[in-house]
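> predicted model and sequence below, questions to follow.
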Amino acid sequence: MKDYFAGDPRTNRERMLAGDLYIADDPDIARESQRAVRLAAEYLAASVQNPETARPILVELLGFLGEEAVIRPPLAVDYGSYISVGARTFINFNFTALDVAPITIGEDCQIGPNVQLLTPTHPVEPQQRRDKLEAAEPIVIGDNVWLGGGVIVLPGVTIGDNSVVGAGAVVTKDIPADVVAVGNPARVIRSI
């Protein structure tokens, strides 16, 4: 295997958070991911058995959970700790947030079922794929954004305040504030 990191003293986790290439199956990163899987499972179970105990588990899982924010289980995350959800945001069932890079969701958002926020990027070069290298770019969802069911947001995308993204859209590029966007790839169809 080629030494991609010669002269780089950072850990794989540090490289990951910086958006640089890192080795995806690093043992320290795997432990952090396993913590997220455990907490997501506990959150689901608590939501069914004793809903009063569910929110503290979600607070432990996520980097930040604003007041009155709701996430309906199940949810799937890589780490959880790199996700910030603003106050009064509602996220429906089957939310997938691959937080290899930070994911920021603003206040007063409405996120439909089966939405995916995907920060990881994968190399095009075959050798880098064989060497299990990845990188990532952050996702930012502004305040008062609505994402319809099944929306997929790709790495590095920012969606501006007050925008609406229609169900099933695949967002490959930034969406400005105060617009409606639909389709695959998502495109702005009108201002709000």
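Done, it's in.

> what mean pLDDT does stretch 135-154 have?
The pLDDT scores in stretch 135-154 average 97.

> return it as CSV; C-alpha atoms alone will do.
Output of stretch 135-154 as CSV, limited to C-alpha atoms (Å, rounded to 0.1, in the frame of the first residue of the first chain):
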residue,chain,number,x,y,z
ALA,A,135,-12.7,12.0,2.5
ALA,A,136,-15.7,14.2,3.4
GLU,A,137,-17.3,17.6,3.1
PRO,A,138,-19.7,19.3,5.5
ILE,A,139,-23.4,19.8,4.9
VAL,A,140,-25.2,22.9,6.1
ILE,A,141,-29.0,23.2,6.2
GLY,A,142,-30.2,26.7,7.0
ASP,A,143,-33.1,27.8,9.3
ASN,A,144,-36.7,27.1,8.3
VAL,A,145,-35.8,24.7,5.5
TRP,A,146,-38.2,22.0,4.4
LEU,A,147,-36.8,18.8,2.9
GLY,A,148,-39.5,16.5,1.4
GLY,A,149,-39.5,12.7,1.8
GLY,A,150,-36.6,10.9,0.3
VAL,A,151,-34.4,13.9,-0.4
ILE,A,152,-30.7,13.1,-0.7
VAL,A,153,-28.2,15.8,0.0
LEU,A,154,-24.6,15.2,-1.2
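
> which parts of it are buried?
Neighbour-count burial for stretch 135-154, counted by 16 or more other CB atoms under 10 Å, picks out 135-148, 150-154. For glycine as for every other residue, the C-beta is placed from the backbone atoms N, C-alpha and C.

> can you check stretch 175-186 too?
Buried residues in stretch 175-186, counting neighbours by 16+ other CB under 10 Å, are found at Ile175, Ala177, Asp178, Val179, Val180, Ala181, Val182, Ala186.

> do the same with stretch 76-92
Quick answer for stretch 76-92 (16+ other CB under 10 Å): 77-86, 88-89, 91-92.

> show me the two of those that sit farthest apart.
Maximum pairwise distance among the buried residues of stretch 76-92 (CB to CB): 25.1 Å, between Asp78 and Arg88.

> could I get the average pLDDT for the lengthiest helix in the chain?
Longest helix of the chain, by residue count under DSSP state H: helix 27-49. Mean pLDDT, helix 27-49: 96.

> quick one: low-confidence parts of the protein?
Across the chain, the ranges flagged by pLDDT under 70 are 1.

> quick one, helices of it?
12-17, 27-49, 54-61, 126-130.

> and the longest one, which residues are buried?
For helix 27-49, the buried set under the neighbour-count rule, 16+ other CB under 10 Å, comprises Ile29, Glu32, Ser33, Ala36, Leu39, Ala40, Glu42, Tyr43, Leu44, Ala46, Ser47.

> taking helix 54-61 as reference, get the angle to that helix.
Angle between the axes of helix 27-49 and helix 54-61 is 170 degrees (criterion: axes from the mean of the first three to the mean of the last three CA atoms, to 10 degrees).
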